[in-house]
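[1] Here is a sequence with its predicted model. Questions after.
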Amino acid sequence: MTTNAIPTEMTFFARFESDILSGKKTITIRDESESHYVPGTTVDVSTYEDGRWFCRLEILTVEPIAFSDLNDFHAQQENMTLAELKGVIHDIYPGIEKLYVVNYALVN
Ligand SMILES: CC(=O)Nc1cc[nH]c(=O)n1
């Protein structure tokens, strides 16, 4: 039974890889189904498209956020403008208001 297992893996679209590895992108915004990361744990990170592993991340915090409350600080942490961030999140999670900010740090 894996229902309550702590997640040990996370995927990102390949286009985000360089920003994550350079430290320009320090959060990810996910829906409820991907909100069960646990602060203090480490996840293996791979590309969504082809499952290529590219780093490990330590989960620092997981906090709820409403889509309508996304602000310039979230955008800065995503290395985007707020308009870009809202467009990206709307494309990935159309119509979803209840989201989660996952703050992470690269594990060397
Ligand atoms: C694969 C995937 O959903 N990737 C996401 C979703 C939201 N934010 C993000 O940085 N990456």
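    Happy to help now that I have it.

[2] Now do Ser46 against the ligand, distance only.
    Noted for Ser46: a distance of 10 Å to the ligand, by CB to the nearest ligand atom, to the nearest Å. No exception for glycine: its C-beta is placed from N, CA and C like everyone else's.

[3] give me the beta-bridge partners of that residue?
    Here Ser46 sits in beta bridges with Thr11, Trp53, going by DSSP bridges.

[4] I'd say it and Glu9 touch.
    Yes: assessed by CB atoms under 8 Å, Ser46 is found in contact with Glu9 at 7.1 Å.

[5] Between these two, tell me which one has more neighbours.
    Ser46 (18 against 10; other CB atoms under 10 Å).

[6] where do the helices sit along this protein?
    Assigned by DSSP state H, the chain shows helices spanning 17-21, 72-77, 82-92.

[7] Out of those, which gets nearest to Cys55?
    helix 17-21 (6.2 Å; CB to CB).

[8] Tell me the helices and strands packed up against the closest one.
    Judged by 3 or more CB pairs under 8 Å, 6 or more residues apart in numbering; DSSP states H and E, the packing partners of helix 17-21 are strand 53-66.

[9] which regions of the chain sit below the pLDDT cut-off?
    Filtered on pLDDT under 70, the chain yields the residue ranges 1-3.
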